[in-house]
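Enquirer: fold the following and give me the result.
(one chain, ligands or ions: 3)
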Amino acid sequence: MKKDISIIGVPMDLGQSRRGVDMGPSAMRYAGMIERLESLGYNIDDCGDIEIGRPERDHNGPKLKNLKAVAEANEELAKAIDKEINKERFPLVLGGDHSIAIGTLAGVTKPYKNLGVIWYDAHGDLNTAETSPSGNIHGMPLAVSIGIGDSALTNIAGFGPKVKPENIVIIGARSLDKGERELIKEKGIKVYTMHEIDRLGMTQVMNEAIAYLNERTDGVHLSLDLDGLDPTDAPGVGTPVNGGISFRESHLAMEMLAEAGILTSAEFVEVNPILDDKNKTATVAVDLAGSLFGEKLL
Ligand SMILES: NC(=[NH2+])NCCC[C@H](N)C(=O)O
Ligand SMILES: [Mn+2]
Ligand SMILES: [Mn+2]
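Expert: Ligands and ions are numbered 1, 2, ... in the order given. From the prediction side, this is the model:
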């Protein structure tokens, strides 16, 4: 992996309805993200935070909450990432709710013909305004990135789609809405649900996922939603779902990604310090980043 990392914070909470996730970037910095990566020999440039509009929360009917402000922030994020990529640096994005993956993917996909995406999450985030039970855009970024959704989102940075459905691997799914299940089948998206993780073990899941991506992609982005982990290990998230991936399994997954050396960008999202237990979830994110960037005990 590249030795120069640019950190971009996105204090966004407009893609969902619970306050506090906008403090995620601060919580991860406070938990020592920068020092941890520096101690591994990386050169870190903390680019600070993207500015997020503070609109009156527009509840835009039941459909796409805060659409305009979410789209604007993602345009800014895509530009900021583009700048760092042109400097040949590895973009590491700290969220913020998962709607920021729209801008992250818009920014990181440009140099690649076939960007792969690992979506580490309890959810599929494959909803549209029509299928969403909540109207929350953080439940939609993966659909948007394959070109499905409102054009204010699918066309961020002036082009779309950003990724091909067959280049996506979802890991940790255990809460999928009806429309998401249909889309997964229709588009042939590869999914390792908790069932496969229990059954095969994380080692085989990651071996398969890495081999699958190696075959067809020329770069890989990791989008890690902390709610992919079990709420006992990562309680500070807005939409927790029981029966998740353990801390140990997640470390193993990160270590295997580090060994494979396939990642070209990453993001950690959905850390909500208000719902957390003494910054535990931000600390877990920093620990996982350590493994992801090559930390070893011996
Ligand atoms: N990034 C997340 N935490 N997404 C949760 C989405 C929950 C639900 N599927 C929805 O669309 O509202
Ligand atoms: Mn999630
Ligand atoms: Mn998510």
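Enquirer: distance from stretch 207-220 to the middle of the chain?
Expert: 17 Å (CA atoms, centre = their mean, to the nearest Å).
Enquirer: list the buried residues of it.
Expert: By 16 or more other CB atoms under 10 Å, the buried positions in stretch 207-220 come out as A209, I210, L213, T217, G219, V220. All C-beta atoms are positioned from the backbone trio N, CA, C, and that covers glycine.
Enquirer: could you report the neighbour count for the nearest residue to the second one once chain neighbours are set aside?
Expert: In other words, I210. Spatial nearest neighbour of I210, excluding adjacent residues (CB to CB, 6 or more residues apart in numbering): A260 at 4.6 Å. Neighbours of A260 under the rule other CB atoms under 10 Å: 16.
Enquirer: same thing with D287?
Expert: 18.
Enquirer: just checking, D150 touches L64?
Expert: Yes: using CB atoms under 8 Å, D150 is in contact with L64, at 6.0 Å.
Enquirer: what residues are shared contacts of the two?
Expert: A129 (CB atoms under 8 Å, 6 or more residues apart in numbering).
Enquirer: compare neighbour counts for those two and give me the winner.
Expert: L64 (24 against 17).
Enquirer: how about the residues of the stretch 51-200 of the chain by ligand 3?
Expert: H98, D121, H123, D125 (CB under 5 Å from the ion).
Enquirer: how about the helices of the stretch 51-200 of the chain, start to end?
Expert: 67-86, 101-108, 141-145, 151-154, 178-187, 194-200 (DSSP state H, counting those that start in this stretch).
Enquirer: any chance of those helices in a markdown table, plus distance to A253 and mean pLDDT?
Expert: As requested, the helices of the stretch 51-200 of the chain are exported to a markdown table (distance: least, CB to CB, whole Å; pLDDT from 0 to 100):
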| stretch | distance to A253 | mean pLDDT |
| --- | --- | --- |
| helix 67-86 | 24 | 97 |
| helix 101-108 | 18 | 98 |
| helix 141-145 | 18 | 98 |
| helix 151-154 | 28 | 98 |
| helix 178-187 | 20 | 98 |
| helix 194-200 | 9 | 98 |
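Enquirer: point to the residue nearest the middle of this protein.
Expert: Taking CA atoms, centre = their mean, the centroid of the chain lies closest to S223, which sits 2.7 Å from it.
Enquirer: export the helices of the stretch 51-200 of the chain to CSV and tack on mean neighbour count and distance to ligand 1?
Expert: Shown next, in CSV, are the helices of the stretch 51-200 of the chain (neighbours: other CB atoms under 10 Å; distance: least, CB to the nearest ligand atom, whole Å):
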stretch, mean neighbour count, distance to ligand 1
helix 67-86, 21, 13
helix 101-108, 30, 8
helix 141-145, 30, 7
helix 151-154, 18, 14
helix 178-187, 16, 7
helix 194-200, 15, 16
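Enquirer: out of those helices, which gets nearest to P165?
Expert: helix 178-187 (3.7 Å; CB to CB).
Enquirer: if we can go back for a sec, the helix or strand that contains the residue nearest to the centre of the chain: partners in the sheet, and parallel or antiparallel?
Expert: Per DSSP states H and E, S223 falls inside strand 219-225. Applying DSSP bridges, strand 219-225 is found paired with strand 115-120 (parallel), strand 263-269 (parallel).
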